[in-house]
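Asks: What follows is a predicted protein model with its sequence.
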Amino acid sequence: MALGVTVGIVVGASGHNTPKLHSAASSGSAGVSSTAVEDTCDIIVPAHPLTAKGLATPYQLTGPAGGSPAATGCQMINSLNLGAFVQATILDPHTGALYVYNPLVITAGTTPAVKPVVPKLPKGAIVTIDFGFNGTFLLQKGATPDALSQGNCVDGMPGSPFGQVSFCNGANFFNAAFRMERTGRLTIPSAGMARNIVASAGALGTGRECPTTRNFDMIDQDPSDNVTTKYLINPATGQTAQDNTANAARMKGAQVVVNGSDNALVDDFLDPALGCTPLMAPDLGNKGIMATSQALDELLAAKNQPKAVALVPENDEMVLDNGGQWDQAKTDLYRAQIGQAPVDSQTNASSSPAMFCQNMVNIQTPFIAANEKTFAAWPSPVPTVGDTLYTFMANRLASSFDNLNCANFGLHQTVTVVNNGAGAATEATLSDDPQEVGF
């Protein structure tokens, strides 16, 4: 977070669990409209998105099917509801060095508050681009007829989008990274041991290892989604800029807007609360200052996978087909973009829909309960969900159980929450007796 910048919108743990406010919302600034009437927006991907020029060309947020940004609310001034965020992670195929770069998203029809930095990419750079959205569906559109194919971009199956997230070149990036790891040209560190963690009891309990995005102690109903990108926004004009030191000094009074993200939950809340450190790499848009990214989190998680690994399950709403049914092909497509094994692999047993639910309640419930004191002293990522990190995590777990229909597998809810008048959890009681699926 850039120093001297007012935080305008706090990060959430997962866009699907962050409350959506689709009523009219005025920015309070003359000439800037932010009426939210949609939960779907389009994002225009620049030509040659995997190149330095493409990365530095602003992505444009606009209304779906040709709708205007103002009429649909698809504007960056409306970031809490419908903000879009883009993040690139770069691999040097010669040295194994990793880098981060956050391409800028602007509202279509506007100009950047500050022109984006053009990154200096290593020769032959292998780039993956991750997209995050604070609404429900973000659909990719190419600025040119070939832009999406040039970037190997996907936002789901034909006619069946993932929803908040999409990707460019993810499968190629992770395949290259894993090959380099096997040959010793890329080294991903251990996740490390948490200084402040209280280990859970029992064979299924979490030890003292730092959590990653593939650990059942921190996942939710739609794991490994959204990005850690932040942007600066001028609240008077709605113009955005990359969140870097130079822009923060230049844009006095700017706000920081962020994407509701499982990755940000780990990197910005759980890691500091537990005494852990996320995997970071130099930010090519911020003079090499170390930064996090979704792809870095997945590389760390892949290197440090527990025996019971939390991979995207087939009952995750982002990978269901349009009829709400499980879709293995769509699940495999999503997993490939973030370096996860396909559904029919031997590593998948712990992440079948039934076992995902069982492992979530049996591992996460005692983890949250054991660390109540630590989490209760830490701020909530989304105060409208829970008033502390503890009540937030508990409420998020309860919602995930319900939204994954875990009761259909013979499991019962492990969390009881007390909400205040605004609907935020202020108390939580957890029952951590082990359960087994039954039909």
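Replies: Done, it's in.
Asks: Report the rounded mean pLDDT for stretch 312-320.
Replies: In this model, stretch 312-320 has an average pLDDT of 97.
Asks: Same question for stretch 432-439: list its buried residues.
Replies: Asp432, Gln435 (16 or more other C-beta atoms under 10 Å). All C-beta spots, glycine's among them, are computed from the backbone N, C-alpha and C.
Asks: whoops, stretch 314-323 was the one
Replies: Glu314, Asn315, Asp316, Met318, Val319, Leu320.
Asks: Can I get those residues in TSV including distance to Val118 and secondary structure?
Replies: Shown next, in TSV, are these (distance: C-beta to C-beta, whole Å; DSSP: H, G, I helix; E, B strand; the rest coil):
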residue	distance to Val118	secondary structure
Glu314	41	coil
Asn315	42	coil
Asp316	36	coil
Met318	33	helix
Val319	35	helix
Leu320	39	coil
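Asks: so which of those comes closest to Ala329?
Replies: Distance to Ala329 across those (C-beta to C-beta) is lowest for Val319, with 9.3 Å.
Asks: residue contacts, the closest one?
Replies: By C-beta atoms under 8 Å, 6 or more residues apart in numbering, the contact list for Val319 reads Phe162, Val312, Trp326, Asp327, Lys330, Thr331, Tyr334.
Asks: change it to 7 Å
Replies: By C-beta atoms under 7 Å, 6 or more residues apart in numbering, the contact set of Val319 is Val312, Asp327, Lys330, Thr331, Tyr334.
Asks: Please report how far the third one lies from Gln340.
Replies: Computed as C-beta to C-beta, to the nearest Å, the Lys330 to Gln340 distance reads 13 Å.
Asks: okay if I get the contacts of Val319 as JSON lines plus distance to Asn286 and neighbour count?
Replies: Formatted as JSON lines, these follow (distance: C-beta to C-beta, whole Å; neighbours: other C-beta atoms under 10 Å):
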{"residue": "Val312", "distance to Asn286": "30", "neighbour count": "25"}
{"residue": "Asp327", "distance to Asn286": "39", "neighbour count": "20"}
{"residue": "Lys330", "distance to Asn286": "35", "neighbour count": "20"}
{"residue": "Thr331", "distance to Asn286": "35", "neighbour count": "24"}
{"residue": "Tyr334", "distance to Asn286": "29", "neighbour count": "27"}
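Asks: Among those, which ones are in helices?
Replies: Lys330, Thr331, Tyr334 (DSSP state H).
Asks: Would you verify that Val417 is located in a strand?
Replies: Yes. Using DSSP: H, G, I helix; E, B strand; the rest coil, the assignment for Val417 is a strand.
Asks: so how many other residues sit close to it?
Replies: For Val417, the neighbour count with other C-beta atoms under 10 Å is 19.
Asks: Can you tell me the closest non-neighbouring residue to it?
Replies: Using C-beta to C-beta, 6 or more residues apart in numbering and skipping residues adjacent in sequence, the residue nearest Val417 is Ala425, 4.2 Å away.
Asks: does the one you found really touch Asn395, like I thought?
Replies: Yes. Using C-beta atoms under 7 Å, Ala425 is in contact with Asn395, at 4.1 Å.
Asks: shared neighbours of those two, which are they?
Replies: With C-beta under 7 Å, 6+ apart as the test, Ala425 and Asn395 both reach Val385, Gly386, Val417.
Asks: Make a markdown table out of those and add pLDDT and distance to Leu104.
Replies: Formatted as a markdown table, the shared contacts of Ala425 and Asn395 follow (pLDDT from 0 to 100; distance: C-beta to C-beta, whole Å):
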| residue | pLDDT | distance to Leu104 |
| --- | --- | --- |
| Val385 | 94 | 28 |
| Gly386 | 96 | 32 |
| Val417 | 95 | 38 |
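Asks: Format the residues you listed as a markdown table; extra columns: distance to Thr110.
Replies: Below are the shared contacts of Ala425 and Asn395 laid out as a markdown table (distance: C-beta to C-beta, whole Å):
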| residue | distance to Thr110 |
| --- | --- |
| Val385 | 31 |
| Gly386 | 35 |
| Val417 | 41 |
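Asks: Distance of the residue nearest to Val417 relative to Ser200?
Replies: Taken as C-beta to C-beta, the span from Ala425 to Ser200 is 21 Å.
Asks: Helix, strand or coil: sort out Gly421 for me.
Replies: coil.
Asks: residue contacts, it?
Replies: Neighbours of Gly421 in contact, by C-beta under 7 Å, 6+ apart: none.
Asks: List phi and psi for it.
Replies: phi -60, psi -20 (degrees, to the nearest 10).
Asks: any idea of the pLDDT on it?
Replies: 87.
Asks: roughly how far apart are it and Thr384?
Replies: Counting by C-beta to C-beta, the gap from Gly421 to Thr384 is 12 Å.
Asks: Setting aside sequence neighbours, what's the nearest residue to Val45?
Replies: Per C-beta to C-beta, 6+ apart, closest to Val45 is Ala147, 5.0 Å.
Asks: Also Arg335?
Replies: In space, Arg335 is closest to Val312, 5.4 Å off (C-beta to C-beta, 6+ apart).
Asks: which ones are touching that neighbour?
Replies: Val312 touches Pro223, Ser224, Val319, Thr331, Tyr334, Arg335, Gln340, counting by C-beta under 7 Å, 6+ apart.
Asks: which of the residues in stretch 158-167 are buried?
Replies: Buried residues in stretch 158-167, counting neighbours by 16+ other C-beta under 10 Å, are found at Ser160, Pro161, Phe162, Gly163, Gln164, Val165, Ser166, Phe167.
Asks: my guess is Leu80 is in a helix, correct?
Replies: Yes. Counting by three-state DSSP, Leu80 is found in a helix.
Asks: Using the three-state scheme, assign Leu397.
Replies: Quick answer, by three-state DSSP: Leu397 is helix.
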